[in-house]
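Peer 1: sequence first, then the predicted structure, then my questions.
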Amino acid sequence: MEWQPVIGLEVHAQLATQSKIFSGAATAYGAAPNVQACGVDLGLPGVLPVLNAQAVELAVRFGLAIDAEIAPCSVFARKNYFYPDLPKGYQISQYEHPIVGCGHLRITLDERELDIGITRAHLEEDAGKSVHGVVSGRTGIDLNRAGTPLLEIVSEPVMHSAREAVAYMRELHRLVRHLGICDGNMQEGSFRCDANVSLRPAGSDTLGTRTEIKNLNSFRFVERAIEFEIERQRDILEDGGKVVQETRLYDPDKDETRTMRTKEDAHDYRYFPDPDLLPVSVSADDLARIRATLPELPAARIARYVDDYGLGREDAALLVNEPAVAAFFEASLGPLEVPAKAVANWITGEVFGALNRAGLAVDDIPITPAMLNQLVARIGDGTVSGKGAKTVFQAMWSEGGLPDDIIEAQGLKQVSDSGAIDAIVDEVIAANPAQVQDYLAGKEKILGYLVGQAMKASKGKANPAAVSALLVDKLKGD
Amino acid sequence: MSESFPRGVAELSAGLAAGDFSSVELTRHYLARIANHDAAVNAYITVCGERALAQAAAADARRAAGTAGALTGIPYAHKDIFCTRGVRTSCASRMLDNFVAPYDAHVTECLDRAGLVMLGKTNMDEFAMGSSNESSYYGRTCNPWDPGRVPGGSSGGSAAAVAAGLAPLATGTDTGGSIRQPAALCGISGLKPTYGRVSRFGMIAFASSLDQGGPMARSAADLALMLNVMAGFDARDSTSVERPDEDFTAPLANGVDGLRIGIPREYFGAELDPRVGDTVHAALAELERRGARLSEISLASAPLAIPAYYVIAPAECSSNLSRFDGVRYGYRCADPTDLTDLYERSRSEGFGAEVKRRILVGTYALSSGYYDAYYRKAQQVRRLIKEDFARAFDTVDLIAGPTTPAPAFAAGTHVDDPVTMYLSDVYTTAVNLAGLPALSVPAGFLDGLPVGLQLIGNYFDEGRLLATGHALQQVSDAHRAVPPAFA
């Protein structure tokens, strides 16, 4: 039988606030255990939560960007369960009345555009984490993360392949980073997802029994875990078995999912409105004010790069993935007039490569847009050869300085006028009679060799185009 | 009590100001009384002698420097539900027997700032759940008027301390009557302010939407002085209400001439001891003689208050008390075998029977499949109760009735009968469900036991409540009576 996979994602995006959602403790990553947990985060007797207004603002930004209804009044609820890393014995979340209602996100996959429905997005606090192995035989609790603001973004179950799910997650990732509401750092857990997967006979419109795969924190894991789960469920169904509704974990080392807890162990969370917090109201004025601060959204930016700069879709998307890169790209297009495509190639090629080698983040690019702009302009006007430009790039990456100064200082200026290369070309013709004969006999490919010899003789400074033209001139002209 | 120290706070304040005695002398006097008498009352869980004397010395220094306020140097007893930095804050539970609070509650800070001297932490029902102070891990508190009877609860230790002259002032908290009912049973005055008037920050939560801290004292005038320092906006409590500062002593002299007092017929039903009704009517007649206009009103949803309260309060408590899990602080069972064992035994051994009963009831009421029938329904009833009061306040300024259906009952009589125990809150819980302010003042005595008059005001109308209580106390001596054993 043909089976159709049905996939929905619950993405947790950590909101980029300075302090926690209900306390004044810092949210920075990587501090020593429990130093960023105040009385509220520890769940001391008598403490009370106070809502961080910035978290609400960021959630609204997201809601407006996906064209969603923003609830004029949303309500925090308590989700009750016991776990050592959950200090109060409940998580403050939103349940019946989330801040962001129905919206949608457009994704592109294989040149196809798809609209993915988003059911809701709600604010909640993160839990702490259990730390194993620090004290032998015991489990430690680190509450630094407890109370970190999260936006849980729940999609409709409308995706039908792992690739579609990943494309959606990538688009969401691009969006939250563009909006500046989440740093998107997946290794640190700032952007992670749970995937709900089920299969149904092709053509059916009722949903099959689903499993939920928890805590996927890379695009690759999302794709692998969903693919594994589709295969696993297909095998069960083909054998006439039944999929068990359960929560599963993906093990990247073994590339498989396995049972975490079944429906029978499912918690009754006993949600009820949190009496310590007032309902959150967002007025029409708030909406107008926040809407006015929204940046150009990634989809529009990609389309603009394709339409206005003639970039390919993939290159455009690559630049737009990182708002800092897109900004760098746009800033590098001036003041000197340069072809946008060449600038894009330098960024996706040399700049990305150098960042990778240095292990740097895009915010730490050591060169300025003005430097890249001048470099690309100098290639365009023939001042420097492509090879020479790479030397200039290396120099400005590690030492700084403007391309014009580096070209001057390192003598990288390309020689283009025929007078200066005339002698070199003559020498090359004289020194390679056999090759010249071959060329004249019709082996035109040998020209490349002769040009190479001339370049070598000029120590790389000759403009290869000029050398080539002069060679042809001299050989054919004779 | 020694002749040299008056009992009323205004008089104590005047004595301190005139230099008749120092705060250190006054504090020593109360500490001595506690040492002599508290064994018979068990009003205190923790007495903070040295700390109190240090605070008293600081208050005297402040007075010498000319920066003393009305209550600087006045001792008070602090209900053991308010976090107090460096002092055990137990909530009368084994669960927090070893818990020394690392921070001060907002109310603790306010009283500190005003220069009051904390004598100690008072006994209460465990986690404020009870109406008799019998659920305390530290043993029951005795009613100073009859040691065989309960002082009421949950602020029973505070009420008994004031009644027995072991403190001139005390803090209380009121979730369903926990200030007013013990005030009534011990013959003192107690005010439950409007929800949001006093910050809940640092007050260990029982039922967050109902809990409210407030003052307990001998007279309405003393309550006004104490409310002046307890009330006020606190950004750390999202339900705290921002309002201009008020001086609650200012309206005390207003009297009751022309005041419209509504008397709900539902508060004089079959459950009421008729002699309590007579005592309350007699007190109201005094107010009428002073110019108040009495009229009968109806609060039709009143009978629904107890059932709604005993769904909402346990539901909230079942969640509020989840943090007591033996992981980070408080009681932890010996040698847990695994995580589940740690949770189960720490909580089974750390909590008393009444707390466990309410956690179970509340957990049930919030369970999937029961939520709509219990919690949601109770919230709907709560709205009806609010609307009842709102309608009543269209035609009257205050509502009056008995605080409790009967005077203090004998210890042990209701312990195994929670429903009868819960019914002692029959006139008080509706006020918490609506978030209104209410005052209990002594109305008179029945067989040597105090009877309380409850006055319920509109939102933020504490001033009028206190003025009315004060007017009664100008013509009644009930609030001045002293239990014979503690004269």
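Peer 2: In hand now; what should we look at?

Peer 1: is chain A contacted by the helix or strand encompassing B:Ile306?
Peer 2: For B:Ile306, the host element (DSSP states H and E) is helix B:305-320. Yes. Helix B:305-320 reaches chain A (CB under 8 Å from any CB of the partner chain) through B:315-316, B:318-319. C-betas here are computed from N, CA, C, even on glycine.

Peer 1: the closest residue to chain A within the stretch 301-450 of chain B: neighbouring residues, count only.
Peer 2: Ranking the residues of the stretch 301-450 of chain B by distance to chain A (CB to the nearest CB) places B:Ser322 first, at 2.4 Å. Residues lying near B:Ser322 (other CB atoms under 10 Å in any protein chain shown) number 23.

Peer 1: enumerate every residue touching it.
Peer 2: A:80, A:82, A:88-90 (CB atoms under 8 Å, 6 or more residues apart in numbering or on different chains).

Peer 1: the helix or strand bottoming out on mean pLDDT in chain B: what's the following helix or strand?
Peer 2: The least trusted helix or strand in chain B, going by mean pLDDT, DSSP states H and E, turns out to be helix B:418-423, with a mean of 83. Next helix or strand after helix B:418-423 toward the C-terminus (DSSP H and E): helix B:429-434.

Peer 1: if we can go back for a sec, can you list the residues of helix B:305-320 next to chain A in JSON lines and add neighbour count?
Peer 2: As requested, the residues of helix B:305-320 next to chain A are exported to JSON lines (neighbours: other CB atoms under 10 Å in any protein chain shown):
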{"residue": "B:Ala315", "neighbour count": "28"}
{"residue": "B:Glu316", "neighbour count": "28"}
{"residue": "B:Ser318", "neighbour count": "24"}
{"residue": "B:Ser319", "neighbour count": "27"}
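
Peer 1: give me the pLDDT value at the residue most central in space within chain B.
Peer 2: Centroid check for chain B by CA atoms, centre = their mean gives B:Ile179 as the closest residue, at 2.1 Å. What the model reports as pLDDT for B:Ile179 is 98.

Peer 1: what residues are up against it?
Peer 2: B:Ile179 is in contact with B:155, B:172-173, B:190-192, B:214, B:216, B:440, counting by CB under 8 Å, 6+ apart.

Peer 1: likewise for A:Met1?
Peer 2: A:Met1 sits in contact with A:201-202, A:237-238, where contact means CB under 8 Å, 6+ apart.

Peer 1: which residues of chain B score low on pLDDT?
Peer 2: Counting by pLDDT under 70, chain B shows low-confidence ranges at B:1-3.

Peer 1: all strands for it, in order.
Peer 2: B:44-47, B:75-79, B:117-122, B:169-174, B:189-192, B:212-217, B:260-264, B:293-297, B:398-402, B:438-446, B:449-457 (DSSP state E).

Peer 1: how about the contacts made by B:Ala378?
Peer 2: B:Ala378 makes contact with B:307-308, B:311-312, B:315, B:365 under the criterion CB under 8 Å, 6+ apart.

Peer 1: give the rounded mean pLDDT of stretch A:338-353.
Peer 2: In this model, stretch A:338-353 has a mean pLDDT of 92.

Peer 1: now it: buried residues?
Peer 2: A:338, A:340, A:343-344, A:346-348, A:350-352 (16 or more other CB atoms under 10 Å in any protein chain shown).

Peer 1: can you get me the start-to-end distance on it?
Peer 2: For stretch A:338-353, the separation between the terminal residues is 21 Å (CA to CA, to the nearest Å).

Peer 1: contacts for it?
Peer 2: Residues outside stretch A:338-353 that contact it (CB under 8 Å, 6+ apart) are A:305, A:308-311, A:315-316, A:318-319, A:325, A:328-329, A:332-333, A:365, A:367, A:372-373, A:375-377, A:379-380, A:390, A:393.

Peer 1: residues near A:Val467, how many?
Peer 2: Other residues close to A:Val467 by other CB under 10 Å number 26.

Peer 1: let me see the contact set for it.
Peer 2: A:421, A:424-425, A:451, A:454-455, A:458.

Peer 1: what sits against the closest residue in space to B:Tyr374 that isn't next to it in sequence?
Peer 2: Of all residues not flanking B:Tyr374 in the chain, B:Ala365 sits nearest, at 3.9 Å (CB to CB, 6 or more residues apart in numbering or on different chains). By CB under 8 Å, 6+ apart, the contact set of B:Ala365 is B:311, B:314-315, B:318, B:371, B:374-375, B:378.

Peer 1: next, count neighbours for the residue of chain A found nearest chain B.
Peer 2: Closest approach between chain A and chain B, counting by CB to the nearest CB: A:Gly89, at 2.4 Å. For A:Gly89, the count of nearby residues is 21 (other CB under 10 Å).

Peer 1: so how far is B:Tyr331 from the closest residue to it other than its chain neighbours?
Peer 2: Nearest non-adjacent residue to A:Gly89, counting by CB to CB, 6+ apart: B:Ser322, 2.4 Å away. Taking CB to CB, to the nearest Å as the measure, B:Ser322 falls 14 Å from B:Tyr331.

Peer 1: is it true that A:Asp114 touches A:Leu105?
Peer 2: Residue A:114: Leu, not Asp. No. With contacts defined as CB atoms under 8 Å, A:Leu114 does not count as touching A:Leu105, sitting 9.3 Å away.
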